[in-house]
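1. Dropping a prediction and its sequence here:
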Amino acid sequence: MKHTIRAFALGLATATTLLTFTYYQTNDQTESKAFTDQEAITHLESKNYHVLSQSSFEDLKEEKQPSQSQDTESKEDEQEQKDTQKQNQDDTSPQSYSLTIEPGMLSSSISDELKKAGILDDKAKFEVFLKDHEYSRAIQIGTYSITKDMSYEEIAKKITGQ
C-alpha cells in the first residue's frame, strides 16, 4: 500500500511539472495584439457584419420602437385568441375517458395518459398521491372508464379495484 501511494504521488508531481512547463511555453505564443478601430471594422465587414456609429444605431433603435409596440399588441391579441380556443376545447373535451392499463405499465405512464386526455390538471400531484397512499403498488390490469369530475382517490380506487 505504501508503494502504491508513493507511485501515485510521484505521478501527480510529474503531471503537475509537465503541465506547468507546457503552460509557460505556450502562454507567450498565444498573446495577441490589439486591433485598431479601422482593423476591427475591416475585419468585421469582411465577415459580412455591418458596423454602425452610435448615432446611427440610436436612430435605428428609435425607428424600431413604435413597431415593437405594435408587435406587442398583436402578440397579446394572438394570446387572447389561443386562450379562447383552449377554453372552447376544454368545454367540448370528453368528460369520460377509457383508460387501458397494460401489464408492466407504471403509475407515471397512467398519469401521462390521464393528463393528455384532460382528466388530470397536474400529473405530478396524482403520482405523489398514488405513492403516498400506496395505490401505485396495487394497480390492476384492465380498461376503466374515468371521468373528469372524479377525485384522485376515486380514480385510484377504480384502477386498483378497491
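-> Thanks, I have it.

2. use CA for all of it now, contacts and neighbours both
-> Will do.

3. which stretches of the chain have low pLDDT?
-> Residues of the chain that meet the criterion pLDDT under 70 lie in 27-32, 66-77, 79-94.

4. Could you state which residue of it sits nearest its centroid?
-> A124 (16.4 Å; Cα atoms, centre = their mean).

5. Can you show me the helices along the protein?
-> Counting by DSSP state H, one finds helices in the chain at the ranges 2-27, 37-46, 54-92, 107-116, 123-132, 152-160.

6. Tell me the buried residues in the fifth one?
-> Counting neighbours by 16 or more other Cα atoms under 10 Å, one finds that the buried residues in helix 123-132 are K123, F126, E127, F129, L130.

7. Out of these, flag the one nearest to S151.
-> S151 lies nearest to F126 out of the buried residues of helix 123-132, by Cα to Cα, at 9.8 Å.

8. Would you check that that closest one makes contact with I110?
-> No - assessed by Cα atoms under 8 Å, F126 is found out of contact with I110, at 9.7 Å.

9. circling back: which residue sits closest to the residue nearest to the centre of the chain in space, ignoring its chain neighbours?
-> S111 (7.8 Å; Cα to Cα, 6 or more residues apart in numbering).

10. go on, D112?
-> Leaving aside its chain neighbours, D112 sits nearest to K123 (6.5 Å; criterion: Cα to Cα, 6+ apart).

11. what do you get for P103?
-> Nearest non-adjacent residue to P103 (Cα to Cα, 6+ apart): I141, at 6.2 Å.

12. Just list the residues touching the one you found, thanks.
-> With contact taken as Cα atoms under 8 Å, 6 or more residues apart in numbering, I141 is in contact with T100, I101, E102, P103, I159.

13. List the contacts of the third one.
-> Read that as E102. Counting by Cα under 8 Å, 6+ apart, the residues that E102 touches are I141, G142.

14. let's see it at 6 Å
-> Neighbouring residues of E102 by Cα atoms under 6 Å, 6 or more residues apart in numbering: I141.

15. G11 now?
-> With Cα under 6 Å, 6+ apart as the criterion, no residue contacts G11.

16. hmm, try it at 10 Å
-> In this structure, G11 makes contact with I5, T17, judged by Cα atoms under 10 Å, 6 or more residues apart in numbering.

17. Please apply the same query to the one 5 residues further on.
-> Taking Cα under 10 Å, 6+ apart as the definition of contact, the neighbours of T16 are L10, T22.
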